[in-house]
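Chemist: Generate a structure from the sequence data that follows.
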Amino acid sequence: LNHVRFGGAGEDYCCSVVSDGTGNYFACGSYSQSFSFGTYPVSSHGNLDGYVLKLNSALSPQWARGGGSNGRDEFRAITLDAYGDIVFTGVNSGNLYFDPGVYTMNSASHSSFIGKYSPAGNFISAKQTMLYGNCTDMKTVGNYIVICGKMKNGQISSDLDRKSTRLNSSHTVISYAVFC
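Modeler: The predicted structure follows:
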């Protein structure tokens, strides 16, 4: 059985893994303090932060990206969209920063979000999905991303359609969220 080991000095865990049609693997999870994936270090933004990483078919590290706020943030689920881009979701404790330092998402504490990287590890987009929520799983069904989770008091972010996630031709998520 092949395996790969990665992580840092603090608390590290992997929550979700998905593979593409060519044998690459993508994973997301959370870490505290620092995180190293092969020769790809990921810096910490606060208490607990999240990561997205890519392994090739030989399980060699290809890239790693981190994100977080000055509080507790977790990346919990990952999938590939119809275009092969990496879509992930999680919860955050405030303004969320995404590596490689190209985007800051201003959001309320205890919010859920959805983010997106290209297969090469380039940041594409991120959006808050709900206030006081907890996204726990996601799947791709055609051009739709289905997100499951728990919400408190039904507070879904105002820019979301409660029924579906759809991607436009430029691979941008234009609406998303089916909450179970």
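
Chemist: in what helix or strand does residue 88 lie?
Modeler: Element membership for residue 88 (DSSP states H and E) is strand 86-92.

Chemist: Check which strands are paired with that strand and give the direction for each one.
Modeler: Strand pairing for strand 86-92, using DSSP bridges, gives strand 74-80 (antiparallel), strand 111-117 (antiparallel).

Chemist: pLDDT averaged over the helix or strand just after that strand, what's the number?
Modeler: Next in sequence after strand 86-92, counting helices and strands by DSSP H and E, comes strand 96-98. Here strand 96-98 scores 81 as its mean pLDDT.

Chemist: how about strand 96-98: buried residues?
Modeler: Buried residues in strand 96-98, counted by 16 or more other Cβ atoms under 10 Å: 96-98. In short, each C-beta sits where N, CA and C put it, glycine included.

Chemist: just checking, what packs against that strand?
Modeler: With contacts defined as 3 or more Cβ pairs under 8 Å, 6 or more residues apart in numbering; DSSP states H and E, the packing partners of strand 96-98 are strand 61-68, strand 103-105, strand 123-131.

Chemist: Recalculate using a threshold of 10 Å.
Modeler: strand 49-55, strand 61-68, strand 103-105, strand 111-117, strand 123-131 (3 or more Cβ pairs under 10 Å, 6 or more residues apart in numbering; DSSP states H and E).

Chemist: Please work out which of these is packed deepest.
Modeler: Ranked by mean neighbour count, these are led by strand 49-55 with a mean of 26 (mean count of other Cβ atoms under 10 Å).

Chemist: That one versus strand 86-92: what angle between them?
Modeler: 160 degrees (axes from the mean of the first three to the mean of the last three Cα atoms, to 10 degrees).

Chemist: returning to that earlier point: which of the strands paired with strand 86-92 has the lowest average pLDDT?
Modeler: Minimum mean pLDDT among those: strand 111-117, a mean of 83.
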